[in-house]
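Predicted model and sequence below, questions to follow.
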Amino acid sequence: DSGVTQTPKHLITATGQRVTLRCSPRSGDLSVYWYQQSLDQGLQFLIQYYNGEERAKGNILERFSAQQFPDLHSELNLSSLELGDSALYFCASSVYERRDEQFFGPGTRLTVL
Amino acid sequence: AQSVAQPEDQVNVAEGNPLTVKCTYSVSGNPYLFWYVQYPNRGLQFLLKYITGDNLVKGSYGFEAEFNKSQTSFHLKKPSALVSDSALYFCAVRDFLNTGNQFYFGTGTSLTVIP
């Protein structure tokens, strides 16, 4: 158990809908990262927040947005969902911003029908 | 251009033999390099990292990796493989110079250790 929690574990929804994935980092970690893992795209870095501020941005679609709250938990919002958004979404956390290892949560499996 | 490459989708090795999982990167400057392992239906677990200093990095579970700047490689190694090492291994690079601190992960190498 990494100490990173993600909810929900599974999510099934329809095209065009909007969902919110939630992540609680390890106690003491200030950075939160979001990743998408799919069979065709592999593991893709989406975005990083550090102490509430966006720090790095990867291949995140405009339909997706994220934020980190004062209590350091983070939410990833996915809207206008498409079939191709079906994937495993991981959250990870680390103590600092740049050089330290990340601890990954168990993931949220999103299925868009 | 791909920033990190794992040229082998699958590596098979006999238990007790040394193992190598290859990784090359194409990021300029001084990137940070990481290895992670993923077991079925689990999140990734950190194995080791290279930030600076000694080119040979030792990590968890007896794994080590050698940073080779001239060959832009960061191969993962273990002297004696265990069946429990069977998993999916990911190499990752963090690019600070060119792409705004993005992380890039390789496509993963599935390691099977044969008893």
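Cool, got the structure.

Is chain A within reach of the lowest-mean-pLDDT helix or strand in chain B?
Among the helical and strand segments of chain B, the one scoring lowest on mean pLDDT, DSSP states H and E is strand B:102-105, with a mean of 86. Yes - Strand B:102-105 reaches chain A (C-beta under 8 Å from any C-beta of the partner chain) through B:102, B:103, B:104, B:105. Heads up, the C-betas are built off the backbone N, CA and C, glycines and all.

and for that strand, what are the contacting residues?
Residues outside strand B:102-105 that contact it (C-beta atoms under 8 Å, 6 or more residues apart in numbering or on different chains): A:33, A:35, A:42-45, A:48, A:56-58, B:2-4, B:27, B:36, B:90-95.

now swap in stretch A:9-16 and tell me
Residues contacting stretch A:9-16 (C-beta under 8 Å, 6+ apart): A:19, A:21, A:80-83, A:106-113.

go again using 10 Å as the cut-off
A:17, A:19-21, A:78-86, A:89, A:106-113 (C-beta atoms under 10 Å, 6 or more residues apart in numbering or on different chains).

And those residues, which of them are buried?
A:19, A:21, A:78, A:81, A:85-86, A:89, A:106-110, A:112 (16 or more other C-beta atoms under 10 Å in any protein chain shown).

now these as CSV including distance to chain B and pLDDT?
CSV is the format used below for the buried ones among the contacts of stretch A:9-16 (distance: C-beta to the nearest C-beta, whole Å; pLDDT from 0 to 100):
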residue, distance to chain B, pLDDT
A:19, 19, 98
A:21, 14, 98
A:78, 19, 98
A:81, 23, 97
A:85, 19, 96
A:86, 16, 96
A:89, 11, 97
A:106, 5, 93
A:107, 6, 95
A:108, 11, 96
A:109, 9, 96
A:110, 15, 97
A:112, 20, 97
